[in-house]
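# build me a structure from this.
(chains A and B)
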Number of protein chains: 2
Amino acid sequence: MKVHAECYQCFIGQAIRSARLHKSNRYDLLKPVQSVVKVLQDIDVEVPPPLISEDVYGTIRKTLGIDDPYKQIKKKYNDIALSYQEFMEKEVFNSDNPLLFAIRLALAGNIIDFGSQVGKFDLESTIENTIHNPLDLTDFDRFVVELEKAKNVVLLLDNAGEIVFDKILIKTIKRLYPNVNVSVIVRGGPIINDVTVEDAKYVGLDRVANVVDSGQVIPGFWPETASSLAKEVFNSADVVISKGQGNFETLSEIDDQRVYFLFLVKCNVVARYLGMKKFSKIFIKNDKRWEKQQA
Amino acid sequence: MKVHAECYQCFIGQAIRSARLHKSNRYDLLKPVQSVVKVLQDIDVEVPPPLISEDVYGTIRKTLGIDDPYKQIKKKYNDIALSYQEFMEKEVFNSDNPLLFAIRLALAGNIIDFGSQVGKFDLESTIENTIHNPLDLTDFDRFVVELEKAKNVVLLLDNAGEIVFDKILIKTIKRLYPNVNVSVIVRGGPIINDVTVEDAKYVGLDRVANVVDSGQVIPGFWPETASSLAKEVFNSADVVISKGQGNFETLSEIDDQRVYFLFLVKCNVVARYLGMKKFSKIFIKNDKRWEKQQA
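Next comes the predicted model:
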């Protein structure tokens, strides 16, 4: 998905939200916004929005003088999610279809996203809703078939907090398919509340998967400019589980049917692009059927 | 009120909303946004936001190649409001306190505002709510005392559609105080859905009041740069009724206790500035008590 008109509002919103975590004075909020407006002057609108976020977030960070504005928030939500881990693992273990249950949980975890426009959320009711509410499972059987044959599975992670839910999914996959190797790719540095190596280790992901950073400080995954190690890990995958909207925004631009997207739609641009409603739950193979719908 | 960080998002939102009325293609929506981003590069943040809107809206208009993007919308809402006129006039006439009822109605009319972030609204339920729901009337008695002594009353109008409600307020004032002269000041040209001389005449405001345009194409009233006629009319007022958030944004920067603000709070910036919640109903003398609250 490429940059749309509404993305400009969202980039400015990122500056405001990041600044509000640390400042309240009118000038202190204006400064990062003004710096983002300067960056937005000459952006390439033919690329996915997360590629723009690198410069946008870079100038926010610089103007605020804070390298990782979401550091405390990320820790807080990692801790909150960790406090649910045991309960969730039991629920998965005792369910009729542990893989599907774990997929649904990983989807629920995706509501933890301060980069998007969701605003306030309620984790417990989100878990309840996501587990019990309808989810289009058209692609689930295909996913299972591919997973059964897979040697290497790669998860492209998204946000702090959410990664505890992803860890449960990984443990479930490894329990069901003991011969599968699982790797996770995280961001190459702090950007919004996205997961870094530090976060991944904090929640113990390194004990269940091979953790690799993308080498990119963008809230998505863009194979072309990823580090050679991240590229190698990504290319080795038989099945890719791409968590979150940012990874969808980047990888929906690429023909790669190994990829399954798992996320909640959090903005109207993506909703319109997919022909879905905002807050729709998505578990869909990257077969670009939405492009055919629009054509 | 001066420009705040969130205003930048709102200026871009104006471009998107104006464009969407006529275009749907990604590039056609991107172009006005990109032109607004250029304008936002070097704005003065020490002035009220409506003064920035002049250039913002100018470039939107130019990029779209449409002089008055809201022309049809304005006519539509003038017509809708006119269809309620007889009903509303009877309600006012039969009420225990016609002046207060007409004030409440004029407030209800202020929901008709496409420049703000309100989005969809329901006129009938808004009228019901505004008439029956609580309204802080601390300043109403003072307003009545000043109105009783007034020779000249000026209404600073805001939006198309809404002006039918204002017309009922004017007729009520003239019925209760037959010796009062009433003038209305409208915008100097089309900007968002704000009222122009053409709109005022369309709903028959020229039959109940002296209609003057501000000489400014801004969604507010700024005495300093208004036309000499508008300035003369404004200065002659004993009481000023300032409708809408845009006029509040400009006149709250000026010491002028003749002014009573009558509007619905439509954005978080104004809400925070006033120490109120979004969608609060405001009828308040321009005594700047909110500045004292904040100090």
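
# A:S183 and A:D206 touch, don't they?
No - A:S183 lies out of contact with A:D206 (C-beta atoms under 8 Å); the separation is 11.0 Å. No exception for glycine: its C-beta is placed from N, CA and C like everyone else's.

# between these two, which one's more packed in?
Set side by side, A:S183 and A:D206 show unequal neighbour counts under other C-beta atoms under 10 Å in any protein chain shown, the larger going to A:S183 at 21 against 13.

# would you say that one is within a strand?
Yes - residue assignment for A:S183, taken from DSSP: H, G, I helix; E, B strand; the rest coil, places it within a strand.

# in this structure A:D287 contacts A:Q257, no?
Yes - between A:D287 and A:Q257 there is a contact under C-beta under 8 Å: 5.8 Å.

# and A:I218, what does it touch?
Residues touching A:I218, when contacts are defined by C-beta atoms under 8 Å, 6 or more residues apart in numbering or on different chains, comprise A:50-51, A:53-54, A:187, A:191, A:246, A:250.

# same thing but 10 Å
With contacts defined as C-beta atoms under 10 Å, 6 or more residues apart in numbering or on different chains, the neighbours of A:I218 are A:48-57, A:187-189, A:191, A:194, A:225-226, A:246, A:249-250.

# residues from the stretch 151-295 of chain A in reach of chain B?
Remark: the part of the stretch 151-295 of chain A in contact with chain B comprises A:269, A:272-273, using C-beta under 10 Å from any C-beta of the partner chain.

# now these as TSV including neighbour count, secondary structure and pLDDT?
What follows is those, written out as TSV (neighbours: other C-beta atoms under 10 Å in any protein chain shown; DSSP: H, G, I helix; E, B strand; the rest coil; pLDDT from 0 to 100):
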residue	neighbour count	secondary structure	pLDDT
A:V269	23	helix	95
A:R272	17	helix	94
A:Y273	20	helix	94
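
# per-residue pLDDT, A:Q293?
A:Q293 carries a pLDDT score of 66 in this model.

# again, but for A:W290
pLDDT for A:W290: 85.

# please name the nearest non-neighbouring residue to A:R175.
The spatially closest residue to A:R175, leaving aside those adjacent along the chain, is A:P98, at 7.6 Å (C-beta to C-beta, 6 or more residues apart in numbering or on different chains).

# now A:A5
Spatial nearest neighbour of A:A5, excluding adjacent residues (C-beta to C-beta, 6+ apart): B:L29 at 3.9 Å.

# check A:L176 too.
Distances taken as C-beta to C-beta, 6+ apart place A:L99 nearest to A:L176, at 6.0 Å, with adjacent residues excluded.

# can you check A:F101 too?
Closest residue to A:F101 apart from its sequence neighbours, by C-beta to C-beta, 6+ apart: A:S95 at 4.0 Å.

# and that neighbour, what does it touch?
Listed by C-beta under 10 Å, 6+ apart, the contact partners of A:S95 are A:101-102, A:104-105, A:131, A:172.

# could you redo those as CSV and give each row secondary structure?
Conversion of those to CSV gives the following (three-state DSSP):
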residue, secondary structure
A:F101, helix
A:A102, helix
A:R104, helix
A:L105, helix
A:I131, helix
A:T172, helix
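
# so which of those residues sits lowest on pLDDT?
Within the contacts of A:S95, pLDDT reaches its minimum at A:I131, with 74.

# any idea how far it is from chain B?
Computed as C-beta to the nearest C-beta, to the nearest Å, the A:I131 to chain B distance reads 31 Å.

# would you agree that residue is in contact with A:A106?
No - here A:I131 does not reach A:A106: they are 11.1 Å apart, not a contact under C-beta atoms under 10 Å.

# with neighbour numbers in mind, choose between the two.
Between A:I131 and A:A106, counted using other C-beta under 10 Å, the more crowded position is A:A106 (27 against 17).

# low-confidence ranges, chain A, go.
For chain A, the stretches flagged by pLDDT under 70 are A:112-124, A:126, A:130, A:293-295.

# the stretch 51-200 of chain A: strands as residue ranges?
Listed from the start of the chain, the stretch 51-200 of chain A has strands (DSSP state E, counting those that start in this stretch) covering A:152-156, A:181-186.

# could you dump those into TSV and include distance to B:Y77?
Formatted as TSV, the entries for the strands of the stretch 51-200 of chain A read as follows, by distance: least, C-beta to C-beta, whole Å:
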stretch	distance to B:Y77
strand A:152-156	47
strand A:181-186	51
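
# out of those, deepest packed?
strand A:152-156 (a mean of 25; mean count of other C-beta atoms under 10 Å in any protein chain shown).

# for A:E89, which non-adjacent residue is closest in space?
Distance criterion C-beta to C-beta, 6+ apart; nearest residue to A:E89, sequence neighbours excluded, is A:I168 at 5.7 Å.

# ok, and what's touching stretch A:35-42?
Looking at what lies outside stretch A:35-42 - C-beta under 10 Å, 6+ apart - the contacts are A:3, A:7-8, A:11-16, A:18, A:52, A:54-64, B:5, B:8, B:11-12, B:33-34, B:36-43.
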